[in-house]
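Engineer: fold the following and give me the result.
(chains A and B)
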Number of protein chains: 2
Amino acid sequence: MCAASVLGDETMAGNDKLVGVIGGMGPGATVDFMSRVLAETPAEEDQQHVRMVVEHNPRIPSRQLAMRGGGENPGPVMAAMAHRLESAGADFLVMPCNVAHAWQGDIEAAISIPFVSIVEESVRSAVDCSGDNSALGLMTTPGCFTAGLYQRALAETGRPIITQTSDELTETMSLVERIKGGDRSHEVSDGLRSLADQLVGRGARVLIAACTEFPLVLSGSMFDVAFVSSTDVLARKTVALALGKE
Amino acid sequence: MCAASVLGDETMAGNDKLVGVIGGMGPGATVDFMSRVLAETPAEEDQQHVRMVVEHNPRIPSRQLAMRGGGENPGPVMAAMAHRLESAGADFLVMPCNVAHAWQGDIEAAISIPFVSIVEESVRSAVDCSGDNSALGLMTTPGCFTAGLYQRALAETGRPIITQTSDELTETMSLVERIKGGDRSHEVSDGLRSLADQLVGRGARVLIAACTEFPLVLSGSMFDVAFVSSTDVLARKTVALALGKE
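Structural biologist: Alright, predicted model coming up:
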């Protein structure tokens, strides 16, 4: 298809790769992810930056609703987006949304290029930045928790895991919905911060921010323990792969 | 092509349109444009946001160099991107880079969908937000100035035009290059601000920020005269068209 060949022939530099982004979940998180990819790229001029094809499709059916057993199945839409991104010449795909990884199987069934999991990369990063056997705290949304994506990956680490109660998950979701509605106020930030502190209070020595909306109001400087932003982890991995450093 | 049909059938809501973005010129400006599209969209949840397909291709040959008569012609790359975006189902295209509009002809020759000019929209906005016959100040880069894009559009307004000297254009470019290199310091902001003040000092009552890198360090609140950000103007127009409001 012309997408691949033209980008390849006319604009490719060295062995760099074209990144395909399954985006729009949510819109702010996708734009934040892109800005972090830029920030993680060693570049002095435009041409040194990473090439991306982004399908920013906020109309993907609600992942949270689907995990509650309602609404439309978002899997087919994600799979169709992944297929188009591969057709557009993408060398690998990323999806800056954690809960959406519950449909990773649908996506991988639709493509023949690698799909980089934000879950696997975030758990690896959490282990790398923590001391032996220090407890890992999982901060996420109800949908992502129900999917069990992180719990399964974290179990493989053999580390103690501190997770949120159902009340904490519900409170987290209400704050995430405010962020999605454009509210990035101190009230929202403080609310998520105190929820994170609950995990620290129960022994977490590493906080895994397993929702790409969190970094829109939270940053590592707010915590005394290690803060693993899944958005930042995926951005660093994306840049390394795109520039052929891995 | 599946791109159009799938996005249309599975995720389209009402009469909204799919926006095609010719991006990566520069990377920071494209991400800033997307964030302003989100900010201009009346949305409480993901699904109410605008659908975009973004080709973030920073490898497009230098527009500034091409306008100086050097380097590779970026026109064919932009035209190929535009063609792919139309094939991906875009209903109309936007390009958040002013100087790149010097190749608008190449782009329009490659597509059958509308291309929304940031130049036309910015000039219209500048006239709308200014009193009768108030002078319009043009702040831009050497490449965009050489292309004469704004000068031609501004001439049609019949308004007095205040433009930058070659020294001011050179100074502007050096600051824009610092922004592209990741420098959003007060020094860069103050430098561009004083260049804008030069235009005000020479009578400009409206400042047209005709480079999408400017809003990364400048905002209207910094000036006593009207400040027309070409990025904001294009973002507002994009949202209106995408949501079927125009």
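Engineer: C-alpha only now, for contacts and for neighbours.
Structural biologist: Will do.
Engineer: could you measure from residue A:183 over to chain B?
Structural biologist: When distances are taken as Cα to the nearest Cα, to the nearest Å, residue A:183 and chain B turn out to be 10 Å apart.
Engineer: pLDDT score for that residue?
Structural biologist: In this model, residue A:183 is scored at 95, pLDDT.
Engineer: ok, now residue A:129?
Structural biologist: 88.
Engineer: OK, contacts around it?
Structural biologist: By Cα atoms under 8 Å, 6 or more residues apart in numbering or on different chains, residue A:129 lies in contact with residue A:226.
Engineer: and stretch A:238-246 with chain B, contact?
Structural biologist: No - counting by Cα under 8 Å from any Cα of the partner chain, chain B has no neighbours in stretch A:238-246; the shortest distance is 12.6 Å.
Engineer: residues in contact with that stretch?
Structural biologist: A:15, A:16, A:17, A:18, A:19, A:37, A:40, A:41, A:50, A:51, A:94.
Engineer: repeat the analysis, applying 6 Å as the threshold.
Structural biologist: Counting contacts by Cα atoms under 6 Å, 6 or more residues apart in numbering or on different chains, the residues outside stretch A:238-246 that touch it are A:16, A:17.
Engineer: surely residue A:19 meets residue A:52?
Structural biologist: Yes - Residue A:19 sits in contact with residue A:52 when judged by Cα atoms under 6 Å, with a separation of 4.6 Å.
Engineer: quick check: pLDDT value at residue A:13.
Structural biologist: On pLDDT, residue A:13 comes in at 50.
Engineer: flag the shaky bits of chain A, pLDDT-wise.
Structural biologist: Applying pLDDT under 70 to the predicted model, the residue ranges of chain A that meet it are A:1-14.
Engineer: middle-most residue in it, spatially?
Structural biologist: Residue closest to the mean C-alpha point of chain A, counted by Cα atoms, centre = their mean, is residue A:96 at 3.5 Å.
Engineer: secondary structure of that one: a strand, I assume?
Structural biologist: No - checked against DSSP: H, G, I helix; E, B strand; the rest coil, residue A:96 lies outside a strand; its state is coil.
Engineer: and the strands in chain A, which stretches?
Structural biologist: Listed in chain order, the strands of chain A (DSSP state E) span A:19-23, A:52-56, A:92-94, A:136-139, A:161-162, A:206-209, A:226-229.
Engineer: I'd like the ones you listed as CSV, with distance to chain B and mean neighbour count appended.
Structural biologist: Formatted as CSV, these follow (distance: least, Cα to the nearest Cα, whole Å; neighbours: other Cα atoms under 10 Å in any protein chain shown):
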stretch, distance to chain B, mean neighbour count
strand A:19-23, 9, 26
strand A:52-56, 5, 25
strand A:92-94, 14, 23
strand A:136-139, 21, 26
strand A:161-162, 29, 21
strand A:206-209, 20, 24
strand A:226-229, 20, 22
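Engineer: now the ones you listed in a markdown table, with distance to residue A:215?
Structural biologist: As requested, the strands of chain A are exported to a markdown table (distance: least, Cα to Cα, whole Å):
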| stretch | distance to residue A:215 |
| --- | --- |
| strand A:19-23 | 16 |
| strand A:52-56 | 19 |
| strand A:92-94 | 17 |
| strand A:136-139 | 12 |
| strand A:161-162 | 20 |
| strand A:206-209 | 8 |
| strand A:226-229 | 7 |
